[in-house]
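Undergrad: Give the three-dimensional model of this entry:
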Amino acid sequence: MATKVLIVEDEEQIARFVELELRHEGYSTGKAADGRTGLSMAESGEYDIVLLDIMLPELNGLEVLRRLRKTSEIPVILLTARDSVMDKVSGLDLGADDYVTKPFAIEELLARIRVAMKKKGTAAKDDAGKLVWRDLTVDPAAYSAVWDNVPIELSKREFDLLALLLTNRNIVLGRDTLLQKVCGYDYVGETNVIDVYIRYLRAKIDERFGVHMIQTVRGVGYVIKDE
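TA: Have a look, this model is predicted:
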């Protein structure tokens, strides 16, 4: 079945150009010209990846992304005419998988789509739904984590954070995204709580077993990469 791409772009000429190129490459497509419609379509579950412009009517792209990440981990590539570092960082913090600055070559966009879809396929769950990284096995159903059959004692938040990072292997997750997913949208407390739990996880896994599993992306967040 062809990968289905949702194009959320209010400039019809750009949207049509991208649509034709994607279809030529064998992708299936859908289009939305405003943020509110795009959000509804993205949440429908019908699409495999979203190309999301930042400057949109009704809801801007960053707000669409913020709301979408409450319910979905669908890959999102931001399309933006802005070349500001803060725009890129804001998008990544909100859970974007990548960004492309306009004007862009279609070959670059196609390459980034392929990478995002490859990342989506590397959640690395085995047949029993367990998450595996080297000798680490995390079982969300049993709420257990073991390294080569050695049990790892984790608090609920430590476990949830670890499972989230493993589920999104190779995708950098921003601190805000991790905070919302692990602690809840109504969390009130220290803003560096994620950094604290990362330190706990590193002490219990990285330092204990001599590995470098959780990597820091300075100014953005954290990621667990495939070996």
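Undergrad: Show residues contacting the strand or helix carrying Leu65.
TA: Take DSSP states H and E as the rule and Leu65 turns out to sit in helix 61-68. Contact partners of helix 61-68, identified using CB atoms under 8 Å, 6 or more residues apart in numbering, comprise 8, 35, 38-39, 42-43, 50, 52-56, 59, 74, 76, 78-80, 90-91, 94-96. Quick note: C-beta positions are derived from backbone N, CA and C, even for glycine.
Undergrad: Return the helix or strand in this structure with minimum mean pLDDT.
TA: helix 85-93 (a mean of 76; mean pLDDT, DSSP states H and E).
Undergrad: That one vs helix 61-68, what angle?
TA: Interaxial angle of helix 85-93 relative to helix 61-68 (axes from the mean of the first three to the mean of the last three CA atoms, to 10 degrees): 10 degrees.
Undergrad: Which strands and helices lie in contact with the very next helix or strand once past helix 85-93?
TA: Under the assignment DSSP H and E, the closest C-terminal helix or strand after helix 85-93 is strand 98-101. If contacts are counted by 3 or more CB pairs under 8 Å, 6 or more residues apart in numbering; DSSP states H and E, strand 98-101 sits against strand 76-80, helix 85-93, helix 106-120.
Undergrad: List the pairing partners of the first one within its sheet, with orientation.
TA: This means strand 76-80. strand 49-53 (parallel), strand 98-101 (parallel) (DSSP bridges).
Undergrad: Kindly present those as TSV, with separate columns for mean neighbour count and mean pLDDT.
TA: Below are these laid out as TSV (neighbours: other CB atoms under 10 Å; pLDDT from 0 to 100):
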stretch	mean neighbour count	mean pLDDT
strand 49-53	26	95
strand 98-101	18	88
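Undergrad: could those go into JSON lines alongside distance to Met86?
TA: Listed next are those as JSON lines, based on distance: least, CB to CB, whole Å:
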{"stretch": "strand 49-53", "distance to Met86": "17"}
{"stretch": "strand 98-101", "distance to Met86": "12"}
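Undergrad: Show the average pLDDT along whichever strand or helix holds Met41.
TA: Secondary structure from DSSP H and E places Met41 in helix 35-42. Averaging pLDDT along helix 35-42 yields 94.
Undergrad: Buried residues, that helix. List them.
TA: By 16 or more other CB atoms under 10 Å, the buried positions in helix 35-42 come out as Gly35, Thr37, Gly38, Leu39, Met41, Ala42.
Undergrad: Can you tell me which helices and strands it packs against?
TA: By 3+ CB pairs under 8 Å, 6+ apart, helix 35-42 packs against strand 4-8, strand 28-32, strand 49-53, helix 61-68.
Undergrad: one more time with 6 Å
TA: strand 4-8, helix 61-68 (3 or more CB pairs under 6 Å, 6 or more residues apart in numbering; DSSP states H and E).
Undergrad: Is it possible to get these out as a markdown table so that each row also shows distance to Glu21, mean neighbour count and mean pLDDT?
TA: Below are the helices and strands packed on helix 35-42 laid out as a markdown table (distance: least, CB to CB, whole Å; neighbours: other CB atoms under 10 Å; pLDDT from 0 to 100):
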| stretch | distance to Glu21 | mean neighbour count | mean pLDDT |
| --- | --- | --- | --- |
| strand 4-8 | 11 | 23 | 95 |
| helix 61-68 | 20 | 22 | 92 |
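Undergrad: Mind putting these into a markdown table with distance to Asp135?
TA: Below are the helices and strands packed on helix 35-42 laid out as a markdown table (distance: least, CB to CB, whole Å):
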| stretch | distance to Asp135 |
| --- | --- |
| strand 4-8 | 37 |
| helix 61-68 | 35 |
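Undergrad: Nothing else from me, thank you.
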